[in-house]
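S.K.: need coordinates for the following:
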Amino acid sequence: MYKKFNNKLILDLFKLHDSKDNAKNWILAKGENLKIELKDLIGKTKFSNTEFVKHLMKKLNISIASAERLVYLKKDWYPLIFIEELVNLTNASKYGIQDKIEFLKSSKPPVVEYKAIKELTTHLCKIAGAHAADGTLYDSYIAITDYHKTSIIALVGWFKEFGYTPKLMQIGKNEWGIRFHSRIISRYLTKFFYFPSGCKQYNVKEPEIIKNAPIEFRKAFALGALTFESGVGMKNQVELCVSSKNFRDSISEILIELNIPHVSMEKQSSGYWRLWSKTLTKEEAVNWL
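M.R.: Below is the predicted model:
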């Protein structure tokens with residue numbers, strides 16, 4: 001799923017392909033120098049071009065015309081599954097060739113180009129935290145709403161990492177949110193963070209890739225989560241109330257590592273797991289912020 005390199009957590013972009021995909025909904029990649037790299041790899045296979053066309057027809061279950069477009073590099077966008085097959089045939093470094101990938105899109109509408117995020121970033125962790133707290137994911141449909149417009153404005157800014165700006169909309173009289181379809185971003189959520197498609201209320205947790213990352217990434221996850229799921233009550237206490245114990249416990253672990261005092265309820269109450277701060281002084285409020 002990822003590897004550590006120069007203190008970076010490098011994501012394996014080839015995980016964005018799903019075995020259930022077909023040529024009509026493949027994930028495609030583009031880069032300024034990607035075609036040059038692919039041409040070099042094609043020359044290193046044991047096949048002639050004609051043989052390679054036949055190989056791809058059988059391996060990828062595509063037509064002769066589609067296979068020829070790939071072998072003779074007639075397009076600017078290339079399926080991840082095709083690039084990975086070249087990597088496998090030539091024993092090339094998958095992380096070396098993915099360095100040449102700059103943009104991603106789906107061959108299935110809506111066709112939107114996204115920047116290829118190739119390493120774990122704090123903005124990705126914030127998005128993961130926001131989704132864990134209050135997000136909806138169903139197939140390629142993504143939605144996150146909140147009663148505080150400023151929270152959604154911040155969330156829209158985090159998505160700019162993909163070179164994409166979701167439309168901020170007013171959902172109800174006092175509710176704001178974003179709603180959009182994206183097979184690329186939904187794959188990041190399911191393939192790297194392992195969020196399920198559908199209901200996650202009772203079993204959502206901090207993704208392992210973030211849990212095992214340095215504290216700056218865990219802190220970003222907590223920021224995203226608390227932005228959408230916590231609040232300040234009448235007693236001037238920060239309160240978190242969720243249905244998943246693992247989710248609550250992960251936030252608690254992060255707060256402990258950040259030396260932020262709080263209390264975690266030991267038993268479930270009315271179906272929820274809670275944590276809260278003591279009544280905040282000005283200094284303590286700044287620490288939480």
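S.K.: need the nearest residue in space to Glu284, chain neighbours excluded.
M.R.: Ser277 (7.0 Å; Cβ to Cβ, 6 or more residues apart in numbering). Glycine gets a C-beta too; all of them are placed from N, C-alpha and C.
S.K.: okay, now that neighbour: neighbour count?
M.R.: Ser277 has 23 neighbours, counted by other Cβ atoms under 10 Å.
S.K.: same deal with Leu104?
M.R.: The number of residues packed near Leu104 is 26, by other Cβ under 10 Å.
S.K.: same question, Lys115
M.R.: When neighbours are defined as other Cβ under 10 Å, Lys115 has 14 of them.
S.K.: my read is that it contacts Phe159, right?
M.R.: No. Between Lys115 and Phe159 there is no contact under Cβ atoms under 8 Å: 10.7 Å.
S.K.: rounded mean pLDDT for stretch 172-189, please.
M.R.: For stretch 172-189, mean pLDDT is 94.
S.K.: show me the contacts for the residue nearest the centre of the chain.
M.R.: Among the residues of the chain, the one closest to the centroid is Tyr188, at 3.1 Å (Cα atoms, centre = their mean). Applying Cβ atoms under 8 Å, 6 or more residues apart in numbering, we find Tyr188 in contact with 16, 117, 124.
S.K.: try Leu275
M.R.: So Leu275 contacts 239-240, 248, 251-252, 255, 262-265 (Cβ under 8 Å, 6+ apart).
S.K.: which ones among these are found in strands?
M.R.: Those of the contacts of Leu275 mapping onto strands are 239-240, 263-264, per DSSP state E.
S.K.: for ChimeraX, what selects the buried ones among those?
M.R.: In ChimeraX, this line selects whichever of the ones in strands among the contacts of Leu275 come out buried by 16 or more other Cβ atoms under 10 Å:
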select :240,264
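S.K.: export the ones in strands among the contacts of Leu275 as JSON lines, with columns for pLDDT.
M.R.: Output for the ones in strands among the contacts of Leu275, formatted as JSON lines (pLDDT from 0 to 100):
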{"residue": "Glu239", "pLDDT": "88"}
{"residue": "Leu240", "pLDDT": "88"}
{"residue": "Val263", "pLDDT": "87"}
{"residue": "Ser264", "pLDDT": "89"}
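S.K.: pick the one among the ones in strands among the contacts of Leu275 closest to Leu70.
M.R.: The closest of the ones in strands among the contacts of Leu275 to Leu70 turns out to be Leu240 (Cβ to Cβ; 49.7 Å).
S.K.: partners of that closest one in the sheet?
M.R.: Per DSSP bridges, the residues bridged to Leu240 are Ser230, Leu275.
S.K.: which pair in the contacts of Leu275 spans the largest distance?
M.R.: Leu255 and Met265 (14.1 Å).
S.K.: how much space separates Lys149 from Glu239?
M.R.: 21 Å (Cβ to Cβ, to the nearest Å).
S.K.: circling back: Leu255 and Met265: who's more crowded?
M.R.: Shown here are Leu255 and Met265; by other Cβ under 10 Å, Leu255 has more neighbours (22 against 14).
S.K.: tally of neighbours for the closest residue in space to the more buried one that isn't next to it in sequence?
M.R.: Nearest non-adjacent residue to Leu255, counting by Cβ to Cβ, 6+ apart: His262, 5.4 Å away. By other Cβ under 10 Å, the residues close to His262 number 17.
S.K.: His55 too?
M.R.: Neighbourhood size, His55 [other Cβ under 10 Å]: 17.
S.K.: got a list of what it touches?
M.R.: With contact taken as Cβ under 8 Å, 6+ apart, His55 is in contact with Phe47.
S.K.: could you pull up phi and psi at Trp26?
M.R.: Taking degrees, to the nearest 10, you get phi -60, psi 160 for the backbone angles of Trp26.
S.K.: wait, doesn't it sit right on Glu84?
M.R.: No. Using Cβ under 8 Å, Trp26 makes no contact with Glu84, being 11.2 Å away.
S.K.: and for those two, which residues touch both?
M.R.: Counting by Cβ under 8 Å, 6+ apart, the shared contacts of Trp26 and Glu84 are His17.
S.K.: between the two, which one's more packed in?
M.R.: Neighbour totals were compared for Trp26 and Glu84, and Trp26 leads with 23 against 18 (other Cβ under 10 Å).
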